[in-house]
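Engineer: Any chance you could fold what I've pasted below:
(one chain, ligands or ions: 1)
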Amino acid sequence: MRVLVIGGTGRCGKLVIDELLSRGHQVSTLARSPAALGNIRDGLKVIKGTPTNLEDVRATFSADIPDVVIVTLNAPRASDSPFAAPISPPRLMTDCNANVVAVMKEFGVCKTVVLQAFGAGDSWVNMNCVLQLLMKKSNMHYQYEDHNAAETVVRNSGVDYVFVRPSRLVEADEQRVKVWPNDGKGVPMMASTSRVSVARWLVDAAESDMWDNSAPVITN
Ligand SMILES: NC(=O)c1ccc[n+]([C@@H]2O[C@H](COP(=O)([O-])OP(=O)(O)OC[C@H]3O[C@@H](n4cnc5c(N)ncnc54)[C@H](OP(=O)(O)O)[C@@H]3O)[C@@H](O)[C@H]2O)c1
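Structural biologist: Numbering: from 1, shown residues only. Next up, the predicted model:
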């Protein structure tokens, strides 16, 4: 398959690119700083630009029309602390996803797989109340508002989607993934998911139609 990764320079995004290349897919990515991707390997095409700019997204699709898109953007804060100040525009993920689905429709690309987080959309109600409080009272609420607005934009666009909602991300080797319903009912409070398994699962969801138009929560 031809797969476009938006957010390919990020921690999950780089692992997604590795996973796609290891499975023999042709990968393109749009990067503000192509150097962040290291040596360009066979099968990877890098276009310099930003997903906040519609013309850059168009140029990326023109360079290589993908069969499917995987979005692994983050709206960063000054550090990973939930209380650290946001350092990105408030609708970063919403606006980038809006650009992506607009160009997907121009080029006839049907499917996007979007990395979200447990607690986004209808999985909020089943997040433990202590975690809900943390997300509401810290600067994490900007992230959730952006994920939710991005979800609305993608759903309303009419393209096929998979929203992937992992629990807390960790750097670990764990690869076994447990898939929960869209509303995350039953997910333990301390559940975590390794970035490696998130990357593998995003690629699984891109390759298969089993999860199309759903929003599963995943954990290890
Ligand atoms: N942390 C957790 O425990 C947790 C749990 C569940 C889900 N998640 C979700 O996982 C997702 C990805 O996380 P991650 O750790 O892989 O993210 P990350 O390493 O911070 O990567 C962020 C990506 O977004 C891009 N980006 C950031 N700001 C941008 C801007 N202003 N304009 C254009 N591109 C920008 C970055 O590009 P540059 O390299 O150019 O900056 C990079 O490719 C997030 O959506 C997050 O909500 C996280």
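Engineer: Please list the residues of the chain that sit near the ligand.
Structural biologist: By CB under 6 Å from any ligand atom, the residues of the chain that approach the ligand are 7, 9-13, 32-33, 36, 50-52, 72-74, 76, 88, 92, 115, 117, 143, 166, 168-169. Any C-beta I mention is one placed from the backbone N, CA and C, and that applies to glycine too.
Engineer: all strands of this protein, in order?
Structural biologist: 2-6, 26-31, 44-48, 68-71, 111-115, 160-166, 168-170, 178-180, 192-194, 217-219 (DSSP state E).
Engineer: Using TSV, lay out the ones you listed together with distance to residue 97 and mean pLDDT.
Structural biologist: Below are the strands of the chain laid out as TSV (distance: least, CB to CB, whole Å; pLDDT from 0 to 100):
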stretch	distance to residue 97	mean pLDDT
strand 2-6	8	98
strand 26-31	13	98
strand 44-48	18	98
strand 68-71	6	99
strand 111-115	7	99
strand 160-166	10	98
strand 168-170	20	97
strand 178-180	23	98
strand 192-194	21	98
strand 217-219	19	98
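Engineer: Of those, flag the one that's most buried.
Structural biologist: Of these, the one with the most neighbours on average (mean count of other CB atoms under 10 Å) is strand 68-71, at a mean of 27.
Engineer: List the strands paired with that strand, with their directions.
Structural biologist: Here strand 68-71 is paired, per DSSP bridges, with strand 2-6 (parallel), strand 111-115 (parallel).
Engineer: chain center to that strand: distance?
Structural biologist: 8 Å (CA atoms, centre = their mean, to the nearest Å).
Engineer: For the residue nearest to residue 88 when sequence neighbours are not counted, give me its contacts.
Structural biologist: Among residues not flanking residue 88 along the chain, residue 75 sits closest, at 4.5 Å (CB to CB, 6 or more residues apart in numbering). Neighbouring residues of residue 75 by CB atoms under 8 Å, 6 or more residues apart in numbering: 86, 88, 89, 90, 92, 93, 142, 143, 146.
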